[in-house]
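**Q** After the sequence you'll find the predicted model.
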Amino acid sequence: MVSRHVQRKVRSSICTSMHTRSLAFWTEEDKAERAERGRELQDVVIVGGGIVGSALACNLKSNPVFHGKKVTVIEPSPPKQLEDANASLGLPDARVYTITPASKKLFEAIGVWDKIKPEHIAPFGHMQVWDAMGDGFIRFDAAKAQVKSGSDLGYVLEHGVLQRALALRMQELAGQDDPNPLRILSPAEVHAPSSSTSSSPYLTMFHHQVRNFEGPGEVHRAGTVTLEDGTEIRSRLVVAADGGKSMIRKLSALGTWGWTYDQQAVVATVKTDQINTTAFQRFLPSGPIALLPLRDGYSSVVWSTTENHAIELKSISPQEFVAALNEALHKPSVTPSPPQVPLLGNLIQGIHLAAQTVLAAGALADPFQAPPKATEAVGRRIAFPLKLQHATRYSKYGVALIGDSAHSIHPLAGQGLNLGLADVTSLGNVLSQGVQAGVHLGDELFLKHYDNDRKKANISMALAMDGFKNLFGPAPDAVQVARNVGMSTLNAVEPIKVYMMILGVSGYCCVHLTFDL
């Protein structure tokens, strides 16, 4: 059930009472009450009720410091999507996320993790990464990290499962004993004015449109979000969680930088001949391919490749896709030849021979494991373009950006959602301190603490993933030999791997070898 505070309107609705209102016409009394509520000054308005936006709402209203504070979520998606998420599970969702232990800790703290049935969680305790252009590989075993988080390196969850858990928690928070419980406006659309720079009077993104957002001025220390039906909502702080094409970011004049990769990621679900408990990733010349464990014997495929190849992978038959996948994962590696330049060649050959000796010893402890073979492709195959995009600033007076509205990175490390959840933790902590200190939550200098905390980490991750993408792309034999030497040596040095895993599960390592969509 969707929260009794969630109003189901064809265009937009506002939670205004303790009773659920059905799909009926608004009475004049309803309209007057809604208009009055819209004029009330909110403390925080979150535009976008996806996973990151919902997590922030749960984070704030789960914190006793925010008891009595007015927090509103504007979610444009129809309630039907949440109802579907509550239905019994059939085939796995094509959209999956890899959750790090640090992100799991956040979900536990805000009362979301216990809303997920254990059978819907696919934990993995091993990760293996290897190069198709050589024999180098690295394998991680969580049990060797000896960390408090247990024996798991990560957890694969479907989009619908996670969204459902967040919806259930928001339902609880909307009905809690609080003078101002969480308010949810769903479905609620925000429209862009006809003076928008878009060629259309309405800039459409995903399932909603943005009409207008006016930031705080010198006189009024609150921003105003205007819904599609003309309802205005004033707030000390507006948080943009409305995705990579964020209209709130655009209307706030917060710019971005970045580039496209001329690649697409094809996502699919397969059955395998063995139960998969390892996150596999192989670097192919055209891009990385990942095989991730899912529930009920399924595995998720995330295949980054050229645009033309992505179109082909989407259009071929399930049987042809299975054959192509197995070839990509199991085709014998091509061993590159050391360069023929005498000095450089001799140097790399010597390093390579030394590394082979170390590799032989290391492989005894962490041997290479062939991934399971796909037997059947099920459900739909989808593709999305890959890009790097980063906001020049994460905040200004009265506005803060989180998740994809602030940053989008290459998915080869699967940290997109985890970075967004780290934003939630950081902004939640900053706002909590602000409430206790009596600071205006939209104050620009105050929000700079969040900006400084997250920007460095997110840029580091974005550039690291960009570097990995280029390093493992098509390269001269000398580079291929060098990267295989590096992977082989790293795999053989157990203390370094353990240190990397400890950093990774703690949420501080900038190169987590996990994956998501």
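**A** Good, I have the coordinates.
**Q** where along the protein do the helices fall?
**A** 28-39, 51-62, 79-86, 101-109, 159-174, 247-251, 307-315, 318-330, 342-365, 416-437, 444-471, 477-492, 494-506 (DSSP state H).
**Q** what sits against residue 373?
**A** By Cβ atoms under 8 Å, 6 or more residues apart in numbering, the residues touching residue 373 are 272, 273, 274, 326, 329, 330. (Each C-beta comes from the backbone N, C-alpha and C, glycine too.)
**Q** which one of these sits closest to residue 284?
**A** Ranked by distance to residue 284 (Cβ to Cβ), the contacts of residue 373 are led by residue 329 at 9.5 Å.
**Q** isn't the closest one right next to residue 284, touching?
**A** No - using Cβ atoms under 8 Å, residue 329 makes no contact with residue 284, being 9.5 Å away.
**Q** Pick out whichever of the two has more residues nearby.
**A** More crowded of residue 329 and residue 284, by other Cβ atoms under 10 Å: residue 329, with 23 against 19.
**Q** Next, count neighbours for residue 422.
**A** Using other Cβ under 10 Å, the number of residues around residue 422 comes to 24.
**Q** Sorry, wrong one. I was asking about residue 137.
**A** If you count neighbours by other Cβ under 10 Å, residue 137 ends up with 23.
**Q** who does it bridge with?
**A** residue 130 (DSSP bridges).
**Q** I'd guessed residue 257 sits against residue 392; true?
**A** Yes - between residue 257 and residue 392 a contact is recorded at 6.4 Å, counting by Cβ under 8 Å.
**Q** okay, and the helix or strand of the protein with the least pLDDT?
**A** The weakest-scoring helix or strand in the chain, judged by mean pLDDT, DSSP states H and E, is strand 204-205 (a mean of 27).
**Q** low-confidence ranges in this protein?
**A** Counting by pLDDT under 70, the chain has low-confidence residues at 1-39, 78-89, 133, 144-151, 188-220, 334-366, 410-414, 462-517.
**Q** Tell me where the stretch 151-300 of the chain has strands.
**A** Along the stretch 151-300 of the chain, counting by DSSP state E, counting those that start in this stretch, strands occupy 154-158, 183-185, 204-205, 208-209, 212-214, 223-226, 232-240, 256-272, 278-284, 287-293, 298-306.
**Q** Now render those strands as CSV, adding distance to residue 370.
**A** Putting the strands of the stretch 151-300 of the chain into CSV (distance: least, Cβ to Cβ, whole Å) gives the following:
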stretch, distance to residue 370
strand 154-158, 20
strand 183-185, 47
strand 204-205, 42
strand 208-209, 45
strand 212-214, 52
strand 223-226, 53
strand 232-240, 44
strand 256-272, 12
strand 278-284, 9
strand 287-293, 11
strand 298-306, 14
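**Q** Deepest-packed of these, please.
**A** For the strands of the stretch 151-300 of the chain, the largest average neighbour count (mean count of other Cβ atoms under 10 Å) is found in strand 183-185, namely a mean of 28.
**Q** That strand pairs with which strands, parallel or anti?
**A** Sheet pairing for strand 183-185, using DSSP bridges, gives strand 71-74 (parallel).
**Q** got the CA coordinates for the partner strand in CSV?
**A** Extracted as CSV, the C-alpha positions of strand 71-74 are listed here (Å, rounded to 0.1, in the frame of the first residue of the first chain):
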residue,chain,number,x,y,z
VAL,A,71,10.3,17.8,4.8
THR,A,72,8.5,17.3,1.5
VAL,A,73,9.3,14.9,-1.4
ILE,A,74,8.1,15.8,-4.9
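**Q** And the contacts of that strand?
**A** With Cβ under 8 Å, 6+ apart as the test, strand 71-74 has contacts from 42-49, 53-54, 57, 60-61, 170, 180, 182-186, 188, 190, 225, 227, 233, 235.
**Q** ok, now with 6 Å
**A** Strand 71-74 has contacts (Cβ atoms under 6 Å, 6 or more residues apart in numbering) with 42, 44-47, 49, 57, 60-61, 182-185, 188.
**Q** quick one: which of these is nearest residue 280?
**A** residue 49 (33.1 Å).
**Q** For that closest one, which non-adjacent residue is closest in space?
**A** Spatial nearest neighbour of residue 49, excluding adjacent residues (Cβ to Cβ, 6 or more residues apart in numbering): residue 75 at 2.8 Å.
**Q** how near is the closest residue to residue 222 other than its chain neighbours to residue 270?
**A** Leaving aside its chain neighbours, residue 222 sits nearest to residue 234 (4.5 Å; criterion: Cβ to Cβ, 6+ apart). When distance is defined by Cβ to Cβ, to the nearest Å, residue 234 is 49 Å away from residue 270.
**Q** Residue 56 and residue 424 touch, don't they?
**A** Yes - contact status for residue 56 versus residue 424: in contact at 4.7 Å, counting by Cβ atoms under 6 Å.
**Q** Those two: which is more packed in?
**A** Higher neighbour count among residue 56 and residue 424: residue 56, with 30 against 26, using other Cβ under 10 Å.
**Q** for the more buried one, what are its contacts?
**A** Applying Cβ under 6 Å, 6+ apart, we find residue 56 in contact with 46, 424.
**Q** Help me confirm that residue 60 comes into contact with residue 66.
**A** Yes - between residue 60 and residue 66 there is a contact under Cβ under 6 Å: 4.8 Å.
**Q** between these two, who's got more neighbours?
**A** residue 60 (25 against 22).
**Q** The more buried one: what's it in contact with?
**A** 66, 71.
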